[in-house]
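Chemist: One predicted model, sequence on top.
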Amino acid sequence: MKPVSNVTVLQQLGWRYATKKFDPTHKIASEDWKTLEQALLLTPSSYGLQPWKFIIITDPAKRAELRPFTWNQPQVTDCSHFIVFTIRKNIDPGHVQRLIDRTSEVRQVPATSIEPYKQMMLSDVVHGPRSLHANEWAARQVYIALGNFMTCAAMLGVDTCPIEGFEPPRYDQVLGLAHKGLAAVVCCAAGYRADDDKYAPMSKVRFKAEDVVERI
Ligand SMILES: Cc1cc2nc3c(=O)[nH]c(=O)nc-3n(C[C@H](O)[C@H](O)[C@H](O)COP(=O)(O)O)c2cc1C
């Protein structure tokens, strides 16, 4: 038997929408949040390098501080959990080594046995062609985490709103990201829709399959 039915997948993807009005009184239960946090951690990335940090903000004061730098969008203050997806800027040999050490620990293999893999990453992302646009590359990875998060949230009946309508440099300032080598890329509000969010019943606008899918 399939773990999730075709009907359920499409039903939940049709159910989700970019929530404009959250119910501020409805918080995500800790059991569901733990699962969503695991979903973030389980996001795949190129080479498995995970060039990110997810900043989860529940502190109302901090969220109020961020709202003016988020085009004043109410989702920031009204949702249950607000996530800022940040990249680790300019991936360096230290980060690659941390992945090697972690791999060695988790898989119980000597680090020397994965030395060729380490050299491959260094010669591409750190010193090679990809290093020229390492932050752009990292941003692409972090968007995979955003998509993964929103899909998993929908499967659990949790609403989300992805947010690019914000000022990344201001976020970097307010959250003190620069000195940690991080930079804000995109955000996501998560929680539960307000009963009167007028966007909830609107039909989805998507191009027809023949316009966006090519079969060869
Ligand atoms: C990366 C990204 C950034 C977005 N930024 C915002 C935003 O700042 N505010 C907002 O209300 N919606 C935002 N949206 C929502 C989109 O407008 C919405 O996903 C799109 O119109 C499709 O509608 P649906 O998500 O309701 O199906 C964003 C969506 C994505 C994927």
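Modeler: Arrived safely.

Chemist: Pull the contacting residues for Pro110.
Modeler: Ser104 (CB atoms under 8 Å, 6 or more residues apart in numbering). Just so you know, the C-beta spots here come from the backbone N, C-alpha and C atoms, and that holds for glycine as well.

Chemist: got a pLDDT number for it?
Modeler: At Pro110, the pLDDT value in this model is 96.

Chemist: Surely Gln141 touches Tyr47?
Modeler: No. Between Gln141 and Tyr47 there is no contact under CB atoms under 8 Å: 9.5 Å.

Chemist: Do you have the strands of this protein handy? List them.
Modeler: 52-57, 81-88, 159-163, 182-191 (DSSP state E).

Chemist: Could you name the stretch from these that's closest to the ligand?
Modeler: strand 159-163 (3.8 Å; CB to the nearest ligand atom).

Chemist: quick one: contacts of that closest one?
Modeler: Taking CB under 8 Å, 6+ apart as the rule, strand 159-163 contacts 16-20, 22, 70, 73, 75-76, 79, 146, 149-150, 153-154, 186-193.

Chemist: which of those residues count as buried?
Modeler: 16-17, 19-20, 22, 70, 73, 75-76, 79, 146, 149-150, 153-154, 186-193 (16 or more other CB atoms under 10 Å).

Chemist: tell me which parts of this structure are close to the ligand?
Modeler: Residues of the chain lying close to the ligand (CB under 6 Å from any ligand atom) are Tyr17, Ala18, Lys20, Gln73, Cys161, Pro162, Ile163, Glu164, Gly165, Val186, Lys204.

Chemist: Spatially central residue for this structure, please.
Modeler: Leu146 (3.0 Å; CA atoms, centre = their mean).

Chemist: Alright, calling it a day.
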